[in-house]
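[1] sequence plus the predicted model coming up.
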Amino acid sequence: MKLLHAVVWIDHSRASIIHFNAGTDRRIALVSGAGKPHLHHKQGAIGPGRAGADRDFFEAIGDALVGPSEILLVGPASAKDELAEYLARHRPQVRARIAGIETVDHPSDNQLLAYARNWYNKRVAQSKQGEGAL
């Protein structure tokens, strides 16, 4: 059975991916091989002073997102935006299916799934209201 929706919660060290339909879900947990990002502030140094994105981590997430028709990308900080940028450059077919990017703190997997189901339900309801306005 193809699961139509996915939600990805990401920070710089881990990602929780849940593929789901109305009655079923499949969960994937990925961990960055880079460990915790360290700030590198040195006097006179050029750059933002932070570790770069973990390409292998983002590739593994991209591999996990091949199937779903719509993807919701969430997380507490900038990793979700960095992943979206990475996908736009290296996996445009996956990036094209990202339906939304939201800031979400650190939910449990069950809270994440409930958040995603609610987000998609609101999106469908808004779409139906828009159709009625024509």
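    Received, thanks. Residues are numbered from 1 along each chain as shown.
[2] ok so residue 88 is a helix residue?
    Yes - looking at residue 88 with DSSP: H, G, I helix; E, B strand; the rest coil, it is inside a helix.
[3] just checking, residue 12 is part of a strand?
    No - Residue 12 is assigned coil when assessed by three-state DSSP, not a strand.
[4] quick check: pLDDT value at it.
    Looking at residue 12, its pLDDT stands at 92.
[5] pretty sure it is touching residue 58, no?
    No - in this structure residue 12 lies outside contact range of residue 58 using C-beta atoms under 8 Å: 10.8 Å. Heads up, the C-betas are built off the backbone N, CA and C, glycines and all.
[6] these two: which is more packed in?
    Applying other C-beta atoms under 10 Å to residue 12 and residue 58 shows that residue 58 carries more neighbours, namely 23 against 20.
[7] give me the distance between the more buried one and residue 88.
    As judged by C-beta to C-beta, to the nearest Å, residue 58 and residue 88 stand 11 Å apart.
[8] swap in residue 29?
    24 Å.
[9] quick one: which of those two has more around it?
    Per other C-beta under 10 Å, whichever of residue 29 and residue 88 has more neighbours is residue 88, with 13 against 10.
[10] list the residues that contact that one.
    Going by C-beta atoms under 8 Å, 6 or more residues apart in numbering, residue 88 touches residue 95.
[11] how confident was the prediction at it?
    For residue 88, pLDDT reads 98.
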